[in-house]
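Peer 1: for reference, the sequence and a predicted model appear below.
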Amino acid sequence: MSDFLNITPAPCCGPEGDCAPAADPVDRDAVREYYAAAAEAPQEQLCCPTKYSPVDVDHIPEEVLAISYGCGSPIGVARPLPGQTVVDLGSGGGIDCFIAARHVGPEGRVIGVDMTDEMLAKARANADKVHANLGYAVTDFRKGFLEQVPVGDAEVDLVTSNCVLNLSPDKAKVFGEIHRVLRHGGRFVISDIVAERPVPVGMARDKELWGECISGAVTEREFVALAEDAGFHGITLEREYTWQEVGGIKFYSTLFTGHRFDKNPSCDYRGHAATYLGPGRVFHDDDGHAYTRGDLVEVCSDTAQKLAAAPYAGMFVVTGPGIGGQPASGGGCC
């Protein structure tokens with residue numbers, strides 16, 4: 001499964017030919033009720049139990065840990081930097097927000113977004129305890145939806161979510177919102193469940209399975225395509241393991257990263273060049289450029305800055321004005 005760029009496209013239908021529509025009608029209220037109950041009493045069947053490092057959660061009340069649902073904390077991979085702004089979508093009881101708060105420090109900001117009042121109440125009730133343990137307060141929990149994130153344009157350095165995107169019937173809109181709120185150079189780190197092939201419509205209409213992160217799962221190829229269509233670059237599968245098999249379909253716990261890089265309206269070549277180091281003989285970037293290992297390729301300043309940054313840093317030797325401490329000269333870039 002992990003080589004998602006070379007997967008043979010899966011058939012659109014399940015074994016009975018019952019194709020699921022692009023957005024299946026499991027309503028938002030059903031999901032909200034499901035997680036409202038989960039806020040009051042721990043539900044072991046919700047996705048994959050996540051193992052957190054004790055050092056990441058020793059400042060978090062046990063009440064929060066007991067209602068932590070997900071398929072792998074994205075914060076441990078993302079490692080937000082001091083002073084950064086983080087948005088966690090589907091923040092639930094707040095565990096990933098509280099972990100992120102330690103990383104961003106007193107100059108940072110962490111915004112949790114959830115649609116379930118009961119989960120928000122739990123997170124807000126425990127925030128004061130977390131703030132006291134940390135010695136500063138940087139978390140803010142807001143009611144909202146994945147498809148309408150209550151955050152302004154280009155305000156955020158990092159967007160995370162932990163097994164939540166599969167709950168949305170309009171994932172294209174969710175990725176559009178993630179792209180909107182991120183700054184140039186910002187990134188997403190998303191843990192989620194994907195399916196080995198499209199989920200049949202009968203399963204997609206099962207409210208219980210939807211709440212358990214099964215019915216709303218897309219395939220790995222679909223997940224990547226949604227992120228690409230929203231404008232993300234450098235989409236990378238960081239982690240994957242088999243979670244379980246339901247109805248003859250295997251479901252995988254995955255973690256994806258992607259970056260927002262904005263383009264300037266003009267392009268200027270000012271002596272920038274990139275040499276691809278490998279691995280592999282040829283690398284194709286998301287703008288359609290091809291780089292053969294060891295060959296010096298002239299690039300515009302926009303591409304040079306991108307290839308010198310994550311996730312490409314270390315794959316290229318990039319030279320030119322403004323790269324590696326060299327002064328930049330005037331002119332636009334593409």
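Peer 2: That came through fine.

Peer 1: what sits against Pro106?
Peer 2: Residues near Pro106 by C-beta atoms under 8 Å, 6 or more residues apart in numbering: Gly135, Tyr136, Val138. C-beta here means a position set from N, CA and C on the backbone, and glycine is covered the same way.

Peer 1: quick check: which element contains the closest residue to the first one other than its chain neighbours?
Peer 2: Counting by C-beta to C-beta, 6 or more residues apart in numbering, the nearest residue to Gly135 once its immediate chain neighbours are dropped is Pro106, at 7.7 Å. According to DSSP states H and E, Pro106 maps onto no helix or strand at all.

Peer 1: repeat for the one 5 residues further on
Peer 2: Secondary structure assigned from DSSP H and E places Ile111 in strand 109-114.

Peer 1: partners of that strand, with directions?
Peer 2: strand 85-89 (parallel), strand 139-143 (parallel) (DSSP bridges).

Peer 1: domain assignment for this structure?
Peer 2: 4-259, 263-334 (automatic domain parsing).

Peer 1: quick one: average pLDDT of the first one?
Peer 2: If you average the pLDDT over domain 4-259, you get 82.

Peer 1: now swap in the shortest one and tell me
Peer 2: With pLDDT averaged residue by residue, domain 263-334 scores 84.

Peer 1: Val218 touches Val194, doesn't it?
Peer 2: Yes. Contact status for Val218 versus Val194: in contact at 6.3 Å, counting by C-beta atoms under 8 Å.

Peer 1: neighbour count for these two, which is higher?
Peer 2: Set Val218 next to Val194 and count neighbours by other C-beta atoms under 10 Å: Val194 wins out with 26 against 21.

Peer 1: in a helix, that's where the more buried one is, yeah?
Peer 2: No. Going by DSSP: H, G, I helix; E, B strand; the rest coil, the assignment for Val194 is strand, not a helix.

Peer 1: what is the burial count for the residue lying closest to it once chain neighbours are set aside?
Peer 2: Beyond its immediate neighbours in the sequence, the residue positioned closest to Val194 (C-beta to C-beta, 6+ apart) is Glu220, lying 4.7 Å away. Glu220 has 24 neighbouring residues, counting by other C-beta under 10 Å.

Peer 1: quick one, phi psi at Glu220?
Peer 2: The phi and psi torsions at Glu220 (degrees, to the nearest 10) take the values phi -60, psi -40.

Peer 1: with Tyr269 instead?
Peer 2: Dihedral angles (degrees, to the nearest 10) for Tyr269: phi -100, psi 120.

Peer 1: thought it was touching Cys300?
Peer 2: Yes. The pair Tyr269 / Cys300 is scored as a contact, 5.4 Å apart, by C-beta under 8 Å.

Peer 1: tell me which of the two has more neighbours.
Peer 2: Shown here are Tyr269 and Cys300; by other C-beta under 10 Å, Cys300 has more neighbours (21 against 16).

Peer 1: okay but that one is in contact with Gly271, surely?
Peer 2: No. Cys300 is beyond contact range of Gly271, at 10.5 Å (criterion: C-beta under 8 Å).

Peer 1: before we move on, the earlier item: among the contacts of Pro106, name the buried ones.
Peer 2: Val138 (16 or more other C-beta atoms under 10 Å).

Peer 1: between the contacts of Pro106, which is nearest Arg281?
Peer 2: Val138 (45.8 Å; C-beta to C-beta).

Peer 1: return the residues in contact with the closest one.
Peer 2: Ala101, Val104, Gly105, Pro106, Gly108, Arg109, Val110, His131.

Peer 1: buried subset of the residues you listed as a ChimeraX selection?
Peer 2: Buried members of those, identified by 16+ other C-beta under 10 Å, are gathered into one ChimeraX selection as follows:
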select :101,104,108,109,110,131
